[in-house]
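*Asks:* only the shape, not the letters, is given here:
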């Protein structure tokens, strides 16, 4: 990798201003990695919905996170440059993320030089490369890392101060503000067990360049409510522009589940981006739902999804903590709808949803004691099958004991 001083001689486009109301797509999930054709389809959908931003930060891109020091190869760079050109033609800002938080050595921040082994120089070179290839903005992601800052702290005592210093130094090198995803990116991450968490955001905000923005999820990582007043209060508390990272439809933390219900609990007009599933057909639909240019039933109908899915809507609505908007169907109606959706509906979207539909069928049958033991053993993991069968045996034994007592 070239040294940072040499990279400064490469052509870097002037920093673009972030749109005043940032809306769009976050490729920021675990377990899926889109291809360039998928990403171009997403750009088309964003443009058709008058959305204006795409954050590239997939956890499963090794060069983004786990091997962040490794330079992208020429094929990837060509694909990224083409993607950025396509985004520019659609008036969509590309935000390129780098996630060095797993093992960044903060001692290198205090002793920066042109050494190829210096973490800060490596980070600068990578960010400059992404900018040179067309990214409008750089995001520095310090999320989802262990609370082990003391092992890599260098001269810093406060983790929040150190992360702000890193963002500031990177912004100064690039001559443009960065967007920072902090380690404490939701209120629920402040815990007594994490000594740094209570003061992290205050320390970060007091040191971070005022021109830089902070991404945050709200009260919870998957927040049931993110109101306009909540965003304004958070922005005021942090003294920075806050961009909401919205995980309403994310399911990488619960990959057996799928959420497709109405977009709700959010009443802001901008500075909110969606981090969905990584399943391309599903995510195109979810962007339509997020945009709310039509009613939810009309969006479902326009996507050629059979009416039987609406029968099952309560099962695929929203994560824990959200107020339900659909009534739970009778089991017989749900199983009848599932039969059609599993065997008669054929489309790319159905192929993505097949595992969730089949899983729901099994769940309903098991709930009613109608899935034979052998079928449970075949279709569930050994750990879950053992638990279910032992629970069934215990229930049967309890029932037999009650009959004997009567």
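*Replies:* Nice, thanks for sending it over. The model shown is predicted, which means the values in this text are computed figures rather than measured ones.

*Asks:* now the element after whichever helix or strand residue 300 is part of, going C-ward?
*Replies:* Secondary structure assignment for residue 300, by DSSP states H and E: helix 296-302. Sequence-wise, the next helix or strand downstream of helix 296-302 (DSSP H and E) is helix 307-311.

*Asks:* can you list contacts of that following helix?
*Replies:* Residues from elsewhere that reach helix 307-311, judged by C-beta atoms under 8 Å, 6 or more residues apart in numbering: 297, 300, 316, 329, 333-334, 336-338, 340-341, 345. Just so you know, the C-beta spots here come from the backbone N, C-alpha and C atoms, and that holds for glycine as well.

*Asks:* out of these, which are buried?
*Replies:* 300, 316, 329, 334, 337-338, 341, 345 (16 or more other C-beta atoms under 10 Å).

*Asks:* out of these, which comes closest to residue 61?
*Replies:* Using C-beta to C-beta, residue 316 comes nearest to residue 61 of those, at 28.2 Å.

*Asks:* so what's the closest residue to residue 306 other than its chain neighbours up against?
*Replies:* Spatial nearest neighbour of residue 306, chain neighbours left out: residue 345 (5.3 Å); criterion: C-beta to C-beta, 6 or more residues apart in numbering. Contacts for residue 345 (C-beta under 8 Å, 6+ apart) come out as 305-306, 308.

*Asks:* any chance of these in TSV, plus neighbour count?
*Replies:* Output for the contacts of residue 345, formatted as TSV (neighbours: other C-beta atoms under 10 Å):
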residue	neighbour count
305	19
306	16
308	17
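
*Asks:* pipe those residues into JSON lines and attach pLDDT and distance to residue 179 per row.
*Replies:* Shown next, in JSON lines, are the contacts of residue 345 (pLDDT from 0 to 100; distance: C-beta to C-beta, whole Å):
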{"residue": "305", "pLDDT": "98", "distance to residue 179": "35"}
{"residue": "306", "pLDDT": "98", "distance to residue 179": "40"}
{"residue": "308", "pLDDT": "98", "distance to residue 179": "42"}
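
*Asks:* reformat these into TSV and put distance to residue 262 next to each item.
*Replies:* What follows is the contacts of residue 345, written out as TSV (distance: C-beta to C-beta, whole Å):
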residue	distance to residue 262
305	14
306	18
308	18
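
*Asks:* looking at those, which one is closest to residue 290?
*Replies:* Of all the contacts of residue 345, residue 290 sits closest to residue 305, with 16.6 Å by C-beta to C-beta.

*Asks:* surely the closest one is in contact with residue 348?
*Replies:* No: with contact defined as C-beta atoms under 8 Å, residue 305 and residue 348 do not form a contacting pair (11.7 Å).

*Asks:* any weak-confidence spans in the stretch 51-200 of the chain?
*Replies:* Applying pLDDT under 70 to the stretch 51-200 of the chain flags the ranges 112, 114.

*Asks:* just to revisit the earlier point, list the ones among the buried ones among the contacts of helix 307-311 that fall in helices.
*Replies:* Residues of the buried ones among the contacts of helix 307-311 located in helices (DSSP state H): 300, 334, 337-338, 341.
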